[in-house]
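Asks: sequence-free structure coming up:
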Ligand SMILES: Nc1ncnc2c1ncn2[C@@H]1O[C@H](COP(=O)(O)OP(=O)(O)OP(=O)(O)O)[C@@H](O)[C@H]1O
Ligand SMILES: [Mg+2]
């Protein structure tokens, strides 16, 4: 039966131009404006391709869930609203004016003329992205150049949260939600002796360090000046990350976990997690059906010892003499100032 219902999306938005501005495996992205404000703000409408097996539904729902869980940060794209219509699903996103960081199989970023400062800024922003993801319990698989955009200020913005999952549930157990859930659960069950905390720490550390190494290697190719001490230090850091990554993979292949010892720690973590959960119940209503179904905006209470945090700290040393870059590695001016001053206090 033909649906006679008017599309709510079509009633509210119109395309600025017919041609799509982006295309991925799942969707086509168009520039749109509100019909009520045709000369006003431009948005990006990601229209999912309907698939025969209906696979787009879970990806669409995952993307909404991730936009709901993740904090509103300059580093992440922002969802405005969504339309779940009979024959298509649509996300309305804030429009990112800029270009892709890199085409998937290209060896270099789209912009090849980057200064040392810009290279390090990109490295810092990528590290902050993965740190925010892990803090909020989000495993984001496609951390590649087509999902990272460079806006007109030269800052990086992560988009496309379809291939993701949230790892733990309210009780701090591994209970993934989202498109990648089954895959992650399977990984977890491969080794029955590891605790939730151990699994999660390894999952994030391994994935994030690997992604950062790949991107940093690409960035370091943009400046081969052997006299540039920032780049020399950056290269040195990448070598160290490479070494740590290899050691981590080796340890994983050889470690046997002692579950008795970690039991107590896990119990405590579980209690902490409940505490965070109950103190955040008021955030549950958030983003309508999909967001509301699982949304919990609190940071994950299952804390991990983060390799990405260590990478950020190393980057701080490298950019120490560049106040603007150094400050960009902190959440706010005060924390930066305290960090900065503490170095000089030690000297005098
Ligand atoms: N908010 C936005 N502003 C401007 N352009 C965007 C925006 N979001 C996406 N794009 C463009 O559209 C392209 C495709 O979008 P996206 O990566 O979200 O879809 P996809 O790759 O089909 O998703 P999936 O990985 O779930 O299949 C991006 O590479 C980018 O060029
Ligand atoms: Mg994409």
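Replies: Noted; the coordinates are in hand. If you're wondering where the values come from, they're calculated on a predicted model, not measured in any experiment. Residues are numbered from 1 along each chain as shown. Ligands and ions are numbered 1, 2, ... in the order given.

Asks: confirm that residue 117 sits in a helix.
Replies: Yes: judged by DSSP: H, G, I helix; E, B strand; the rest coil, residue 117 forms part of a helix.

Asks: list of residues touching stretch 315-330?
Replies: 117, 120-121, 123-125, 127-128, 230, 233-234, 237, 312, 333, 336, 339-340 (CB atoms under 8 Å, 6 or more residues apart in numbering). (Each C-beta comes from the backbone N, C-alpha and C, glycine too.)

Asks: run the chain-centre distance for that stretch.
Replies: Mean-position distance between stretch 315-330 and its chain equals 21 Å (CA atoms, centre = their mean, to the nearest Å).

Asks: measure that stretch end to end?
Replies: 12 Å (CA to CA, to the nearest Å).

Asks: tell me the buried residues in it?
Replies: 315-316, 318-319, 325-330 (16 or more other CB atoms under 10 Å).

Asks: same check, this time on stretch 70-83
Replies: Here stretch 70-83 shows 70, 75-79, 81-83 as buried, counting by 16+ other CB under 10 Å.

Asks: what subset of the residues you listed is also close to ligand 1?
Replies: Filtering the buried residues of stretch 70-83 for proximity to ligand 1 by CB under 6 Å from any ligand atom leaves residue 77.

Asks: by contact count, what packs against the helix or strand harbouring residue 129?
Replies: Here residue 129 sits within helix 116-135, counting by DSSP states H and E. When contacts are defined as 3 or more CB pairs under 8 Å, 6 or more residues apart in numbering; DSSP states H and E, helix 116-135 packs onto strand 138-140, strand 156-158, helix 196-220, helix 229-254, helix 307-318, helix 323-328.

Asks: quick one: contacts of stretch 209-225?
Replies: For stretch 209-225, the surrounding residues in contact (CB under 8 Å, 6+ apart) are 102, 107-109, 112, 114, 116, 119, 122-123, 126-127, 130, 143, 145, 231, 234-235, 237-238, 241-242, 244-245, 248, 307-308, 311.

Asks: again, 6 Å this time
Replies: Stretch 209-225 is contacted by residues 114, 116, 119, 122-123, 126, 143, 231, 234-235, 238, 241-242, 245, 307 when judged by CB atoms under 6 Å, 6 or more residues apart in numbering.

Asks: nearest to residue 194, of those residues?
Replies: Nearest to residue 194 among the contacts of stretch 209-225, counting by CB to CB, is residue 307 at 17.3 Å.

Asks: not counting residues beside it along the chain, what's closest to that closest one?
Replies: With CB to CB, 6 or more residues apart in numbering as the criterion, residue 307 has its nearest non-adjacent residue at 4.3 Å, and that residue is residue 205.

Asks: can you go through the contacts of stretch 315-330 and name the buried ones?
Replies: 120-121, 123-125, 127-128, 230, 233-234, 237, 312, 336.

Asks: for the stretch 51-200 of the chain, give the residue positioned nearest to ligand 2.
Replies: residue 160 (3.8 Å; CB to the ion).

Asks: that residue reaches residue 147, doesn't it?
Replies: Yes: if you go by CB atoms under 6 Å, residue 160 and residue 147 touch, sitting 4.2 Å apart.

Asks: neighbour count: those two, which is higher?
Replies: residue 160 (26 against 22; other CB atoms under 10 Å).

Asks: near ligand 1, which residues of the stretch 201-348 of the chain?
Replies: Counting by CB under 6 Å from any ligand atom, the stretch 201-348 of the chain has no residue next to ligand 1.

Asks: follow-up on the earlier one: okay, the residue nearest to residue 307: pLDDT?
Replies: Looking at residue 205, its pLDDT stands at 96.

Asks: related to what we said a few turns ago, for the buried residues of stretch 70-83, which one is nearest residue 195?
Replies: Of the buried residues of stretch 70-83, the one sitting nearest to residue 195 (CB to CB) turns out to be residue 70, at 25.4 Å.

Asks: which residues touch that closest one?
Replies: Per CB under 6 Å, 6+ apart, neighbours of residue 70: 76, 136.

Asks: same thing but 10 Å
Replies: 76-79, 132-133, 135-138, 140, 158, 161, 164, 166, 297 (CB atoms under 10 Å, 6 or more residues apart in numbering).

Asks: report the beta-bridge partners for the closest residue in space to residue 181 that isn't next to it in sequence.
Replies: Excluding the flanking residues, the one nearest residue 181 by CB to CB, 6+ apart is residue 165, at 5.0 Å. Taking DSSP bridges as the rule, residue 165 bridges to residue 139.

Asks: I'd say residue 165 and residue 137 touch.
Replies: Yes: with contacts counted by CB atoms under 10 Å, residue 165 reaches residue 137, the gap being 9.2 Å.

Asks: assign residue 93 to helix, strand or coil.
Replies: strand.

Asks: what strand or helix carries the residue nearest to it when sequence neighbours are not counted?
Replies: In space, and not counting its chain neighbours, residue 93 is closest to residue 44: 4.5 Å by CB to CB, 6+ apart. Using DSSP H and E, residue 44 sits within strand 42-48.

Asks: tell me what whichever helix or strand comes after that strand is packed against?
Replies: For strand 42-48, the succeeding helix or strand toward the C-terminus, using DSSP H and E, is helix 56-69. Under the contact criterion of 3 or more CB pairs under 10 Å, 6 or more residues apart in numbering; DSSP states H and E, helix 56-69 touches strand 27-34, strand 42-48, strand 79-84, strand 89-94, strand 138-140, strand 164-168, strand 174-177, helix 288-294.
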